[in-house]
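[1] Give me a model of this one.
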Amino acid sequence: MRSGFGVSAARDDVHSLPVDPSPDAARLAAIPNAGAVHVNGHLWPNPLRMTPRGSRLAAESSFGAALAAAGNQWTTALCNADSDGDGFTNGEELGDPACTWTPGATPSRTTDISNPGVWSSVPTTSAYPPSGGRKQTYDATKCTRAATATLPNRD
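    As a prediction, this is how the structure comes out:
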């Protein structure tokens, strides 16, 4: 038996505990490269939520809301939309720039996958060289995390 923090369990019991599948699992299967999304170099397993691990308690991202509005289907309109206002379409961020991916197929690009629900997450310029002056259209005044904290005086 292994024991820690006042809890003991047989090793076999730990491996047989039921796994709670993500409440978004079916929705994630409806988008290309859902398991390969990165934000600033870090894996973001659930791009439908505002936290990397996608807890059901976490707020839905702008992309998660757009997917829900599209009936949880990868549509051409959803693919061509820019849910987070970063200047890249959802399809460009998820590796389907031509909007041709279908569930179960391999997307046209499987690397450099960014999060279409986080405006600071964009594909690198090697995937999409700047052409025509891409710019972020995110309205910073709508940010709910205003910088209002004050730092303690260290003098």
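[2] Strands of the protein, start to end?
    Secondary structure of the chain, counting by DSSP state E: strands at 2-4, 7-9, 38-39, 42-43.
[3] Least reliable of these by average pLDDT, please.
    Mean pLDDT is lowest for strand 7-9 among the strands of the chain, at a mean of 44.
[4] Verify the stated contact: residue 115 with residue 62.
    No - the pair residue 115 / residue 62 is not scored as a contact, 10.2 Å apart, by Cβ atoms under 8 Å. Any C-beta I mention is one placed from the backbone N, CA and C, and that applies to glycine too.
[5] Give the residues shared as contacts by those two.
    residue 84 (Cβ atoms under 8 Å, 6 or more residues apart in numbering).
[6] ok, the two, which is more surrounded?
    Of the pair residue 115 and residue 62, residue 115 is the one with more neighbours under other Cβ atoms under 10 Å, namely 26 against 20.
[7] so who does residue 114 touch?
    37-39, 88, 93-94, 121-123.
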